[in-house]
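> here is a sequence together with a model predicted from it:
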Amino acid sequence: MTTCLVTGGAGFIGSHLAEALVKQGHRVRVLDDFSTGRQANLAHLLPQHIELIAGDLTDPKMLRAALHNIELVFHQAALPSVPRSVEDPLSTHRVCATGTLELLAAARQAGVRRVIYAASSSAYGNSERLPKRESDPTNPLSPYAVAKLAGEHYCACFSHIHGLETVRLRYFNVFGPRQNPDSPYAAVIPRFIQACLAGRSPVIHGDGQQSRDFTFIDDVVQANLLAASAPGVSGKVYNIACGHRTTLLELVAQINDLLGTNIRPVHTDSRPGDVRHSQADIRLAQTDLGYQPRVDVREGLRRCLAFYTADRLPAQK
Ligand SMILES: NC(=O)c1ccc[n+]([C@@H]2O[C@H](COP(=O)([O-])OP(=O)(O)OC[C@H]3O[C@@H](n4cnc5c(N)ncnc54)[C@H](O)[C@@H]3O)[C@@H](O)[C@H]2O)c1
């Protein structure tokens, strides 16, 4: 049994990860300030299975308390939105970049063994070559991407200088149950599903031909669990994705197909800071971590629809 801290553990990815760690028999603590996360995401695990600390990652006192006797940190806390970072770059920087630096410094002091960092595929920007490899040049296009990449560099730096083990997992467009469709910064899949379930047209920024490597939450959890124990991976970075790309128009078509509807999307202007295409080369994670994506986009959408119809939108069925 290991004692783990999940920062941002009340969020979408963090809550699934915390749940998986509890299932594996680990002792789990969560640090979250609920800026985008919700206590309801952990309701089924509180208070017996998870110790919850409500607080801000950028507060060193809070971090000291959260890191006491911790061996492994899964650092998920962030303000994870490109448009939000365009509107308010300083808040994004404070949480994603400064918060990560604070965490690493405190983790080192506390004698943490390994920090697994939720990095972002946004680090690649609009690089021409697909699929994107970890060795490709980075070209962050938004304040969010810059701040997440700064966090990556701090991780690598702390491994290099201080010997603190860090592993960076570059997630590609994660989706799954519990992802919040209501936020003004909601990700595309919960937004599209919510619109289609309500019989409304999903709104696409741009022509809909932009593509993403949509990655189901269970595969991201799998990657984190593998990264926690894999030998010889400290200081390294791995793409975590499905390995295929889907355009937004294909996404709408698949949701329609699963729902038996024929709802057409509406198009608005493209958004500044968004990348055009994204697809990962996942061979490094497969070789070094033993990672293998198990849920494709269609199956993932089916599970999301089951969740949103059962748990979130009963009135609109
Ligand atoms: N969802 C994706 O597609 C995706 C893709 C690439 C990377 N990521 C990264 O994965 C991580 C988790 O993302 P998510 O989709 O679960 O988002 P989320 O918003 O659901 O989770 C982030 C959590 O961090 C918490 N948080 C924010 N600021 C905090 C602070 N100052 N102190 C403590 N807690 C704070 C929020 O309350 C929330 O619970 C983030 O680091 C994000 O950058 C996500």
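That came through, no problem.

> dig out what whatever residue of the stretch 201-317 of the chain ends up closest to the ligand forms beta bridges with.
Nearest residue of the stretch 201-317 of the chain to the ligand: T215, at 7.4 Å (Cβ to the nearest ligand atom). For every residue, glycine as well, the C-beta is placed using N, CA and C. T215 has the following beta-bridge partners by DSSP bridges: V174.

> contacting residues for the residue nearest to I50 when sequence neighbours are not counted?
Excluding the flanking residues, the one nearest I50 by Cβ to Cβ, 6 or more residues apart in numbering is V28, at 5.0 Å. Contacts of V28 were listed using Cβ atoms under 8 Å, 6 or more residues apart in numbering, and they are C4, V6, G9, A18, L21, V22, L45, H49, I50, E51.

> let's verify the last one: helix, strand, or coil?
Right, the one you point to is E51. Classification of E51 by DSSP: H, G, I helix; E, B strand; the rest coil places it in strand.

> hmm, L31 and it touching each other?
No - the pair E51 and L31 fails to qualify as a contact (Cβ atoms under 8 Å) at a distance of 9.7 Å.

> please say which of these two ends up with more neighbours.
L31 (29 against 15; other Cβ atoms under 10 Å).

> still on that earlier bit, just the buried residues of the contacts of V28.
C4, V6, G9, A18, L21, V22, L45, H49, I50 (16 or more other Cβ atoms under 10 Å).

> could you identify the most distant pair in the residues you listed?
Greatest spatial distance among the buried ones among the contacts of V28 (Cβ to Cβ): C4 and L45, at 13.2 Å.

> my read is that G11 contacts S35, right?
No - under the criterion of Cβ under 8 Å, G11 makes no contact with S35, lying 9.2 Å away.

> for these two, indicate the residue with more neighbours.
More crowded of G11 and S35, by other Cβ under 10 Å: G11, with 29 against 15.

> tell me who's in contact with that one.
Applying Cβ under 8 Å, 6+ apart to G11 gives the contacts D32, T36, G37, N41, Q76, A77, P80.

> likewise T215?
By Cβ under 8 Å, 6+ apart, the contact set of T215 is Y171, F172, N173, V174, F175, I240, A241, C242, P293.

> ramachandran coordinates for the first one?
Main-chain dihedrals, Y171, degrees, to the nearest 10: phi -80, psi 140.

> surely it and S120 touch.
Yes - between Y171 and S120 a contact is recorded at 6.3 Å, counting by Cβ under 8 Å.

> so which bits of the helix or strand of the chain with the lowest mean pLDDT are buried?
One helix or strand of the chain scores below all others by mean pLDDT, DSSP states H and E: helix 82-87, with a mean of 92. Under the neighbour-count criterion of 16+ other Cβ under 10 Å, helix 82-87 has V82, P83, R84, S85, V86 buried.

> next, the contact list for the first one, please.
For V82, the set of contacting residues under the criterion of Cβ under 8 Å, 6+ apart consists of S122, S142, Y144, A145, R271, G273, D274.

> ok, 7 Å please
With contact set as Cβ atoms under 7 Å, 6 or more residues apart in numbering, V82 has these partners: S122, S142, Y144, G273, D274.

> check the second one too.
The contact partners of P83, taken as Cβ under 7 Å, 6+ apart, are Y185, R271.

> so how far is S121 from it?
Remark: distance between P83 and S121 (Cβ to Cβ, to the nearest Å) = 17 Å.

> confidence score at the residue of the chain positioned farthest from its centre?
Residue farthest from the centre of the chain, counting by Cα atoms, centre = their mean, is N262 at 30.3 Å. N262 carries a pLDDT score of 94 in this model.

> for it, give me its contacts.
N256.

> could you number the chain from 284 rather than 1 from now on?
Shifting the count to begin at 284 puts that one at N545.

> where does it sit: helix, strand or coil?
Classified using three-state DSSP, N545 is coil.

> do the one 5 residues further on as well
The three-state label given to H550 by three-state DSSP is strand.

> so what sits opposite it in the bridge?
H550 has these beta-bridge partners by DSSP bridges: I487.

> from Q492, how far out is it?
11 Å.

> swap in S425?
With Cβ to Cβ as the criterion, S425 and Q492 are 20 Å apart.

> between the two, which one's more packed in?
More crowded of S425 and Q492, by other Cβ under 10 Å: S425, with 23 against 12.

> wouldn't the more buried one be in contact with S368 here?
Yes - between S425 and S368 there is a contact under Cβ atoms under 7 Å: 5.4 Å.
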